[in-house]
Each structure stands twice: as C-alpha cells, then as structure tokens.
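> please work out how this folds:
(one chain, ligands or ions: 1)
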Amino acid sequence: MILQNWWFTTLLGIKGPIRPPLKDHIKTDVLIVGAGAAGLAAALRLAGSGKKVVLLDRNICGGSSTGKSAGFLTPDSELELSQLLRKYGQQGAKDLWEVAARGVETMVSNIKKHKIECDLQIQDCLFIGKGSSGWKDVQEEVEARKKLGYSSTVYTEDEVPSVLGSKAYSGAIRYPGTFGVNPLLYAQGIKQVLLDNNVEIFESSEIISYNGHTVYTHLGSVTADEIIFCIDKPKPEVTKYYKEVYHAQTFLSISEPLGDEDIAELFPQGPLQCWDSDLVYTYFRLTGGNRLLVGGGDLLTTYAKNDTTTPRIINRVITNLKEKIPSIRDLRFVQYWEGRIDMTRDLIPTVLRDPAHPWIHFVLGCVGLPWATFCGDFAARNVLDNKELDNEKYYRYFSPDRKFLLPLWLEQILGKRLVFTINNAWAKYRQKDSSFHQGLSG
Ligand SMILES: Cc1cc2nc3c(=O)[nH]c(=O)nc-3n(C[C@H](O)[C@H](O)[C@H](O)COP(=O)(O)OP(=O)(O)OC[C@H]3O[C@@H](n4cnc5c(N)ncnc54)[C@H](O)[C@@H]3O)c2cc1C
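Just a heads-up that it's a prediction; the model follows:
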C-alpha cells in the first residue's frame, strides 16, 4: 500500500489542472483567499455578480482538506442531530442541521447545473451502532429525527445484515439525502466554472501577510475592497483568530475494485455510506469505480501535535472492519493518505466580519464539506449585502464570542490539547446553551 491521495491520482486524467502563481500587483473588488469548499462556494456566489473577483490558494483548488476528504456529503458532521438538539434546543438544532443540508444541496446542484464530472453517487447514509452504547446512540438519533420531523429507517441487530453484510453491529439508522463525491474533481470542476465566469485564479500563491486592504504573496499582492479568508491551519501572521482553530487527524485508504458479487454481499440492498458509533469512528463507502474507501483513526493520533504518516493506523482500522464484514476479508487496499480536519472547540464553524476591519471576513474551522460550502456562500452573500440573509442569526451561531466551557487563556496554563479536549467533550456531550434554547430572532 502506498502513501498517495487517491483523488490526486484521479486528477491525472484531467487537462491543465494548475493555474500560475500570482506575480503582479493587482486590484479587485473582492479577493477570496483559500480555494477549498468554502472559498469555492464564496467565489461561485460572487461570479457573475458584476464584481471583479480574484481567488488565491497556496496549493491547488481543493488541494488541502477538501481534496483529501472522503467525499461523504451529509448534514451529519462531528455533531449528531441529537447532540445539536440537546445543545441548541429544537429551533437551533433545525437551523444548524439545515445549514449543513443546504450545503449538501448547493454542492449537488452545482454538480448537476455545471455538469461537473466528479463521481457523484446517490448513497443513503447508515449510522451503525456498536454494542449496547451504540444502539443507544442509534435510538437517540431516531428520537431526535422524529422530534424535528425528519424521516429515517431503523434496523435492529437482526435486521442490519439485510442492508450491510455484517452481523457485528447492534443496530443502525438510515436516511436519504446524502451523496458521495470525488471532492478534488469537484473542486477542480468548480475552478473551471469560475474561470469561465471571469474569476481570476492563482494557485501556488500563499498569503504571507496583509495590511489594510492589501494582501501579499511571495511574488505579488492584491488590493481589494473586500477580502474573504477561507483558509485552513491559519497562522498568526494572517489572523489573530488562528487560536480558534484546532485539528483532528484522520486516515483514508482505497481498495482495488470490487466485483458485482462482492458488492451484493457487502450492500445487499445497494451501496450506502456508513460510519459507526465509536468516538474515533470508522467510515466507509463505495466509489463510482466500485472501490471501497475506508477511513478512521485512533485516539493517540487524532489530536497529536505532529502528523503521522505510517500506514499502521489505517491498517488497524481496515483489519477491524474486515473482522466485522467477512466478505471483504481478502480485499486488498492499494493507497492510503492522511489529513487534518480543521475544527473549533465546539465543532461549529467560526464566521465573522472583523469588527476592526469590516471589509475582512473569516470563515474558519468548518467541519465538513457542506458546512464549508454554506459558510463560504454565506460570507459572500454578505459581501453582496443580500438582505434575504438571516444575518444576525448565523453570525450568532458562528460568533467567536459564543460560549465555551474554558476560555482560551487557560491554554497557557493547562496546555492547548487539554483545554481543547475538555471544551470539545463539553460541547458534544453536556452543553446546553440557554441563550439559544430561548430562541433567536432573525
Ligand atoms: C482525511 C479527511 C477526510 C474527510 N472526510 C470528509 C467527508 O467525507 N465529508 C465531509 O463533509 N468532510 C470531510 N472532511 C472534512 C472536510 O474536508 C473539511 O471540513 C472541508 O474540506 C473544509 O473546507 P474549507 O474550504 O473550510 O477548508 P480547506 O479545504 O482546507 O481549504 C482551505 C484552503 O485555504 C488554502 N490556504 C490556507 N492558508 C493559505 C494562505 N495563507 N494563502 C493562500 N491559501 C491558503 C489551503 O491551501 C486550502 O486549499 C475530511 C477531512 C479530511 C482531512
């Protein structure tokens, strides 16, 4: 098994993927920094608005988290619906679930409208419980979905094998409206649409600093009326909000193609995208080329300071999965890769217009392609001053000043990792935010 991102391998088939770096000093109406799902959504919203738009990325479009991701398009993220419900109450949970659901819809409609060839798969999702606590998680999700009026199908332990070739799970919940995609081909497809709509794109162009309305790369600069930063792993030179962002490492691997009989054994009622109820969960789905994509990690490396590149962790994930699903026991995995997902202390994105420099917008710590897509689009609609937006509402959900259990300054004493872990666990399992439970007015 070699260390290579499969989606990068698939890029070999497309023509002219790289845009040259910025070498001039240019002016524009709107500059977007970062061409992941968020920056691309922002650029797409602004393309054709009459504004001159420039998009910069230090890598290629989709070259960071977006193009490393597993391409599950689901409103489910690191926070399940039942957790959103406990934390935000009924209206808040619905608002935020629909943020992600709208992100999914936007991506799928972009793919269809612009005929982007990125292996779009219609795949219901299957959240599978492990052991008695996993079954409890499944039931909580079912209850939360019922309460908010979302449909789902429940499978008991005996019924799981009718949809997944395994007798090792204690139950599952399935729901529709979810998709699989090759995220790097998606990003590159959107890039082409933007180019066709006169957006100027510079790849291999890292922003190293900014001053007022001007940002600087190694070789050039851009002066813009409005600047939207949709960057990952932000550095202190670029924004003081870098402290809001943390990372979780996860690993992916792709198999050789499965035959029709293998697929029928694995997914008796057709392909599904699956993840289990473990804290560091295992996730898997079939790509359009009938390869099995498997992801996961372990507790030691998820929040480790340095990247781990050995195949040891993903090999363990695969071995454990093979023990549960007998039909894939002899399946060979050919490539693996790792990536760090940016996140915040409570797994909700941070989106803001800088109070001291209102022409600067930040979209940071989005966990999931749909969240990033919604937030990038939201920031761009603000640039256009779109009155249909429920601005105050979303700015409150995504404010850097929202409630966390422990403040950032405690990191100096307790260390970044410990404070993050406590805040994160509190937000996921305990937090009940009364200001949101009382309801938000638009
Ligand atoms: C291995 C892995 C698997 C995942 N699987 C899924 C999944 O199945 N489904 C899902 O929804 N999500 C998944 N995610 C999470 C998802 O990829 C991210 O949440 C999402 O891509 C975030 O999008 P973004 O646009 O905010 O960030 P990014 O995609 O990281 O984009 C930020 C961009 O900013 C650029 N940039 C950063 N700094 C600078 C600078 N100084 N100058 C210029 N450019 C800069 C980067 O090069 C990058 O292209 C996964 C992530 C990983 C790592």
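
> identify the residues contacting the residue in the stretch 251-400 of the chain that the ligand sits nearest to.
Relative to the ligand, the nearest point of the stretch 251-400 of the chain is Gly339 (2.6 Å; Cβ to the nearest ligand atom). C-betas here are computed from N, CA, C, even on glycine. By Cβ atoms under 8 Å, 6 or more residues apart in numbering, the contact set of Gly339 is Ser64, Ser65, Lys68, Ser69, Gln249, Thr250, Leu252.

> make sure it is indeed in a strand.
Yes: under DSSP: H, G, I helix; E, B strand; the rest coil, Gly339 sits within a strand.

> so what pLDDT did it get?
According to the prediction, Gly339 has pLDDT 95.

> ok, Ile227 next?
98.

> which parts of this protein are helices?
Along the chain, the stretches classed as helices by DSSP state H are 6-11, 37-46, 65-68, 81-113, 131-147, 183-196, 260-266, 299-302, 312-324, 369-383, 391-397, 411-414, 416-429, 434-437.

> enumerate the residues of the chain near the ligand.
Contact residues (Cβ under 6 Å from any ligand atom) of the chain with the ligand: 33-39, 56-59, 63-66, 68-72, 206-207, 230-232, 238, 250, 252, 295, 339-341, 366-370, 372.

> one more time with 5 Å, if that's ok
34, 36-38, 57-59, 64-66, 68-70, 72, 206-207, 231-232, 250, 339, 341, 366, 368-369, 372 (Cβ under 5 Å from any ligand atom).

> need the contact list for Leu369.
Leu369 sits in contact with Ala37, Thr66, Ser69, Gly71, Leu73, Gly103, Met107, Pro183, where contact means Cβ under 8 Å, 6+ apart.

> low-confidence ranges, this structure, go.
16, 434, 437-442 (pLDDT under 70).

> for the nearest residue in space to Phe284 that is not next to it in sequence, the count of nearby residues, please.
Nearest non-adjacent residue to Phe284, counting by Cβ to Cβ, 6 or more residues apart in numbering: Val294, 4.5 Å away. The burial count assigned to Val294 is 25, neighbours taken as other Cβ atoms under 10 Å.

> need the contact list for Val294.
Here Val294 is in contact with Leu252, Ser253, Ile254, Ser255, Thr282, Tyr283, Phe284, Ile314, Val317, Ile318, Leu321, Phe333 (Cβ under 8 Å, 6+ apart).

> is it true that the third one touches Leu331?
This means Ile254. No: taking Cβ atoms under 8 Å as the definition, Ile254 is not a contact partner of Leu331, at 10.7 Å.

> can you pull the residues that touch both of those two?
Common neighbours of Ile254 and Leu331 (Cβ under 8 Å, 6+ apart) are Leu292.

> neighbour count for those two, which is higher?
For Ile254 versus Leu331, neighbours defined as other Cβ under 10 Å are more numerous around Ile254 (24 against 19).

> from Cys366, how far off is the residue in the chain that the ligand sits nearest to?
Shortest the chain-to-the ligand distance, computed as Cβ to the nearest ligand atom: residue-wise this is Gly36, at 2.1 Å. In this view, Gly36 and Cys366 are 8 Å apart by Cβ to Cβ, to the nearest Å.

> nearest residue to Gly296 other than its sequence neighbours?
Nearest non-adjacent residue to Gly296, counting by Cβ to Cβ, 6+ apart: Val317, 3.6 Å away.

> got the contact list for that neighbour?
Per Cβ under 8 Å, 6+ apart, neighbours of Val317: Phe251, Ser253, Thr282, Val294, Gly295, Gly296, Gly297, Asp298.

> now, those that are in strands?
Phe251, Ser253, Val294, Gly295, Gly296 (DSSP state E).

> which of these count as buried?
By neighbour count, with 16 or more other Cβ atoms under 10 Å, the ones in strands among the contacts of Val317 hold Phe251, Ser253, Val294, Gly295, Gly296 as buried.
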